[in-house]
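J.: Below: sequence and its predicted model.
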Amino acid sequence: MSFGRPISMPPPHAGLTQSRYHTGVTGANLENTKRHNRRVVLETIRIHGPVERAAIVERTQLAVQTVSNIVNELLEDRLIRKCPAEPGRRGQPAHPLDIEPDGAHSIGLSIDQRTVLGCITNLAGQALASDEVDIVGLTGEEAFDRIVALVDRLKQEKRRQQSPILGVGLAVAGPFGIRSYLADAPTAAPNWLSNQLVEELRRAVGLPIEIISDSMASTIGQRVYGGGRERDSFAHLFVGFGVAVGYFLNGRVYLGADGNAGEIGHAVLMPDGHECFCGNRGCLEQYLSLYSVNRYLGVDTSDPEDLQRFCERVDNPDAATRQWLDDAAEALRRAVQILEQLLGARSIIVGGYMPASILRTIIEMANPPYRSVRERDDGGPPRVLLGTVGREVGVISAAALPLYSSYDPALDIKLK
């Protein structure tokens, strides 16, 4: 079995279609309006719950009867639940509404050059089970078999619950559909990962599969569960083996024409700097990434123990580590200023797979960032925030993708 050409975004029949992220003007019909309003109500409950019906009406500006009908449907579908009424209030007490964590589940897969990490989560983003398989040196066919077996094990865990699995979110390193200088880059996805493999995987596991870059998946995770929960506009700088940025602009995730928006890792920020495998010099990825830690400091970042020892080195740095930290902080300052000037995002959330203690140190060293349009006389939120980090966060973010596409109104044009 051959899996053919490199993966592109979105793959055919994978459940995540470009139209779901379409921002042009489209026609409205009753069914689309109903679906959108349902997502609006569910998203409001997710963010603000426990919340009473009157507050939902006020926040959504929907009619009382519309909210009542949607709430009743969501209760019937077990996506939300009634919480105990607040004691001591006059009249018939109102029962606040909140997400029903076990009302639905989804599976997340995160694929890099060495491992496939999988988990199954509920609506609250709680991982019920997780597993990992090694794919070093495997062919596409061999890796495929291991991935199918991994998903089957996670589905077995779900059989204890009486609720549906909405789908599989698959997060892989970008860029997508590239046959150029980045196709075999050490920070790219395995070269056997293709559209055909994803389609075969969808058939084998019997679930819709939604594929996205690991940076964009983590951005959605920040929106659903993390520091972007109540922010309509933010940029998420994802620091993994490579580095990329995910955009959430005016309540919408932005993927670009081919899913490659945010591949900032090969933006030249340090002219005449370190030579990069892409052929340029001074790329951001050469300074702020796990790849750079491995290349310039000799740390095996795939080994948890070696990575922990590096965290201890950062606390008491030698000359080489200090130089790497200085360079990483300067690269972050430049990246933040560019993103603020370009996007006008209110916050840059830094997360990914780099350990939190290291990112925290780099953020502190990069403060204050270079001046930009984000400087306001009235202050505002911090310009750079530490987000949720770790491989487990990445796979939970991947699992959030089917949930997000099921209940977040940002995927549809606002029909009002």
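T.: Received, thanks.
J.: make it CA atoms for all contacts and neighbour counts henceforth
T.: Fine.
J.: what about the helices in this protein?
T.: According to DSSP state H, the chain carries its helices in the segments 30-48, 53-60, 64-76, 140-158, 195-205, 214-224, 290-297, 304-315, 319-343, 356-365, 391-407.
J.: Relative to Ile396, how far out is the closest residue to Leu74 other than its chain neighbours?
T.: Nearest residue to Leu74, sequence neighbours excluded (CA to CA, 6 or more residues apart in numbering): Ile80, at 5.8 Å. Using CA to CA, to the nearest Å, Ile80 is found at 21 Å from Ile396.
J.: Same question for Arg313.
T.: When distances are taken as CA to CA, Arg313 and Ile396 turn out to be 29 Å apart.
J.: Give me the more crowded residue out of the two.
T.: A count of neighbours by other CA atoms under 10 Å puts Ile396 above the other of Arg313 and Ile396, at 30 against 14.
J.: next one: phi and psi at the residue nearest to Glu330 when sequence neighbours are not counted?
T.: Setting aside the residues directly before and after it, Glu330 is nearest to Ala366 in space (CA to CA, 6+ apart), at 6.3 Å. Main-chain dihedrals, Ala366, degrees, to the nearest 10: phi -90, psi 0.
J.: mind listing what Ala366 touches?
T.: Ala366 makes contact with 329-330, 332-333, according to CA atoms under 8 Å, 6 or more residues apart in numbering.
J.: Arg322 now?
T.: For Arg322, the residues meeting the contact criterion (CA under 8 Å, 6+ apart) are Val314.
J.: and Glu157, how many residues sit next to it?
T.: Count around Glu157 with other CA under 10 Å applied: 14.
J.: Leu237 now?
T.: With neighbours defined by other CA under 10 Å, the count for Leu237 comes to 30.
J.: Was I right to think it contacts Ile264?
T.: No: proximity of Leu237 to Ile264 does not meet the contact threshold set by CA atoms under 8 Å, at 9.1 Å.
J.: what do those two both touch?
T.: Taking CA under 8 Å, 6+ apart as the contact rule, Leu237 and Ile264 both touch 243-245.
J.: Without its sequence neighbours, what residue ends up closest to Val373?
T.: In space, Val373 comes closest to Gln341 once its chain neighbours are excluded; the distance is 6.0 Å by CA to CA, 6+ apart.
J.: From Asp327, how far out is that neighbour?
T.: As defined by CA to CA, Gln341 lies at a distance of 21 Å from Asp327.
J.: Met354 now?
T.: Between Met354 and Asp327 the distance is 16 Å, computed by CA to CA.
J.: More neighbours: which of these two?
T.: More neighbours sit around Met354 than around the other of Met354 and Asp327, counting by other CA under 10 Å; the figures are 23 against 19.
J.: what's the neighbour count on Ala356?
T.: Ala356 has 18 neighbours, counted by other CA under 10 Å.
J.: quick one: contacts for Ala129?
T.: If you count contacts by CA under 8 Å, 6+ apart, Ala129 has them with 119-121, 154, 157.
J.: Number of residues surrounding the closest residue to Leu117 other than its chain neighbours?
T.: In this structure, Leu117 finds its nearest non-sequential neighbour in Glu132, 4.4 Å apart by CA to CA, 6+ apart. The burial metric for Glu132, expressed as a neighbour count using other CA under 10 Å, is 15.
J.: Run through the residues that contact Glu132.
T.: Listed by CA under 8 Å, 6+ apart, the contact set of Glu132 reads 115-118, 150.
J.: Put the buried members of those residues into a ChimeraX selection.
T.: Command for ChimeraX that selects the buried part of those, burial taken from 16 or more other CA atoms under 10 Å:
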select :116,117,118,150
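J.: sorry, back to before: do you know how far the residue nearest to Leu117 is from Trp324?
T.: Taking CA to CA as the measure, Glu132 and Trp324 are separated by 31 Å.
J.: again, but for Val51
T.: Between Val51 and Trp324 the computed distance is 47 Å (CA to CA).
J.: got it, and Thr44?
T.: Following CA to CA, the distance that separates Thr44 from Trp324 is 43 Å.
J.: and if you look at Tyr353?
T.: Note on Tyr353: its distance to Trp324, by CA to CA, is 17 Å.
J.: Counting neighbours, go ahead and name the busier of those two.
T.: When neighbours are counted by other CA under 10 Å, Tyr353 and Trp324 differ, and Tyr353 comes out ahead with 23 against 20.
J.: residues touching the more buried one, list them.
T.: Applying CA under 8 Å, 6+ apart to Tyr353 gives the contacts 238-241, 389-391, 394.
J.: mind redoing it with 6 Å?
T.: If a contact means CA atoms under 6 Å, 6 or more residues apart in numbering, then Tyr353 has 240, 389-391 as its contacts.
J.: give me phi/psi at it?
T.: According to degrees, to the nearest 10, Tyr353 has phi -100, psi -10.
J.: Give me the domain ranges for the chain.
T.: What automatic domain parsing lists as the domains of the chain is 21-101, 102-217+396-411, 229-390.
J.: for the shortest one, what is the average pLDDT?
T.: Throughout domain 21-101, pLDDT has a mean value of 82.
J.: from the chain's centre, how far out does it sit?
T.: From the chain centre to the centre of domain 21-101 is a distance of 25 Å (CA atoms, centre = their mean, to the nearest Å).
J.: The last one too?
T.: Counting by CA atoms, centre = their mean, domain 229-390 is centred 15 Å from the centre of its parent chain.
J.: Do me a favour and get the end-to-end distance for that domain?
T.: The straight-line separation of the ends of domain 229-390 (CA to CA) is 18 Å.
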